[in-house]
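# sequence first, then the predicted structure, then my questions.
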Amino acid sequence: MKILYVGMKYSYYGSSTSRVGLSFEHYNFYDSLMKMNRGEHRVIYFPYDEVMREIGKEAMNQRLLDVVAKEKPDLCFFILYTEEFYPETIQKITEKSGTITFNWFADDHWRFDGYSRYWAPLFRWVGTTDSLAVEKYHKIGFKNVIKTQWACNHFLYKSQTNQRLDSDSPKKYNYDVSFIGQPHGDRKQIVQRVREAGIDIQCFGSGWPNGRINQEKMIKIFSVSKINLNLTKSSSAWTLYGIGHLFLKRVGTIPLINFPMVLPQKPKDVLSNIKIFLISQREQIKGRNFEIPGCGGFLLTGDADNLRDYYQDGKEIVIFTDTDDLINKIKYYFTHNKEREKIAQAGYQRTLRDHTYEKRFSEIFKVIGLKD
């Protein structure tokens, strides 16, 4: 199969001009497409962020049309971010090129009403990770929607220890509890409560003293932590910064002092923002839920939308309900090593069996009628 992959190559922090490494999509989507089926697919990379920086938005849109016309791919696999493409660009590929277009919508839990519903009709097929979104698509008259989910790129995420995952010998760990992610919402307060309970927890990511880490070290930490913590609280928690976005919009930056210029939102936009903000508090599954077990790590996670459809709580992962429950379960699994490692091994096996991107993409290709 010839696949034209259209996604972001880099991850950005602070502003759209600050690169901090390759993107999540590159590590997981592009890498998996390249390697799945023993690399038998031909994958053409169209990193739209890189191309747009080089030649601008209008020329980037035209270049995509030129690549489609030249390569005639079987599938044009998109993962949009915002409005990098003109709607007519995608519509032209869908309706006139003979190529099947597909987009993976990543945040329908909170972006459907303000984003996905307007862009989905431009594609032949779309995928969503939100358990409630399929019905929403159907209500707007769009039927070609596939319920999919995040997964683990098993070509990249692997155990980094020298010990066999199924070994009976005691495993060696570098960390008691680790957490990788930014200190959004109430995460700092949760971490402080854990530390006050006498538990050594190490946090990594922008905003923590340990700072941001690269992909290789993150995978290593998953493998060498007794307990990997996943905090699912939405980053759009009730903070002054988050609430400010409901009523104000950024229109630029004041020269010299580098301070944002803001204006009041229109009343209709405020109402729309409030609706989206409230919806966003429904926690969604993230890639971490699959990546940690995929590295053979023990996952202790907050609950999320239909998480139990993918793993058995207490057998393949462990779910906590609140901070008290989190602390109690950390203490329990510290003293029950064999049970903890048995759960980690079961989660690892389940991930390889059911939750790799290779399997997700193969299922999608089958539904949309492409021979994998």
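Perfect, I can see it now.

# surely Phe179 is in contact with Asp200?
No: with contacts counted by CB atoms under 8 Å, Phe179 stays clear of Asp200, the gap being 11.8 Å. Quick note: C-beta positions are derived from backbone N, CA and C, even for glycine.

# overlap in contacts of those two?
Between them, Phe179 and Asp200 have no joint contacts when contacts are counted by CB atoms under 8 Å, 6 or more residues apart in numbering.

# and those two? Which one has more around it.
Neighbours of Phe179 and Asp200, each counted by other CB atoms under 10 Å, are more numerous for Phe179; the result is 25 against 11.

# which stretches of the protein have low pLDDT?
Scanning the chain for pLDDT under 70 picks out the ranges 13-17, 162-170, 233-266, 268-282, 372.

# kindly format the C-alpha coordinates of whichever helix in the chain runs longest as CSV.
Among the elements of type helix in the chain, defined by DSSP state H, the one spanning the most residues is helix 337-354. Output of helix 337-354 as CSV, limited to C-alpha atoms (Å, rounded to 0.1, in the frame of the first residue of the first chain):
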residue,chain,number,x,y,z
ASN,A,337,6.2,-7.1,44.9
LYS,A,338,5.1,-10.3,43.2
GLU,A,339,1.5,-9.1,42.7
ARG,A,340,2.8,-5.8,41.3
GLU,A,341,5.1,-7.5,38.9
LYS,A,342,2.5,-10.0,37.9
ILE,A,343,0.1,-7.1,37.0
ALA,A,344,2.9,-5.4,35.0
GLN,A,345,3.6,-8.6,33.1
ALA,A,346,-0.1,-9.1,32.3
GLY,A,347,-0.4,-5.5,31.1
TYR,A,348,2.6,-5.9,28.9
GLN,A,349,1.1,-9.1,27.3
ARG,A,350,-2.3,-7.4,26.8
THR,A,351,-0.7,-4.4,25.2
LEU,A,352,1.3,-6.5,22.7
ARG,A,353,-1.7,-8.6,21.9
ASP,A,354,-4.4,-5.9,21.5
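
# same for that helix, what does it pack against?
When contacts are defined as 3 or more CB pairs under 8 Å, 6 or more residues apart in numbering; DSSP states H and E, helix 337-354 packs onto helix 288-294.

# next helix or strand past the helix it packs on?
Remark: after helix 288-294, the chain's next helix or strand is strand 299-302, criterion DSSP states H and E.

# which SSE is immediately downstream of the longest helix of the chain?
From helix 337-354 onward toward the C-terminus, using DSSP H and E, the following helix or strand is helix 357-367.

# that following helix packs against which elements?
Using 3+ CB pairs under 8 Å, 6+ apart: helix 357-367 touches helix 31-39, strand 125-128, strand 145-147.

# got the contact list for the spatially closest residue to Phe320 that is not a sequence neighbour?
Here the nearest residue to Phe320 in space, its sequence neighbours aside, is Leu326; by CB to CB, 6 or more residues apart in numbering that works out to 4.2 Å. Under the criterion of CB under 8 Å, 6+ apart, the neighbours of Leu326 are 190, 194, 229, 300, 320.

# which secondary structure element contains Leu326?
Here Leu326 is covered by helix 323-334, with elements defined by DSSP H and E.

# work out the gap between that helix and the centre of the chain.
Averaging C-alpha coordinates over helix 323-334 and over its chain gives two centres that are 26 Å apart (CA atoms, centre = their mean, to the nearest Å).

# thanks a lot, catch you later.
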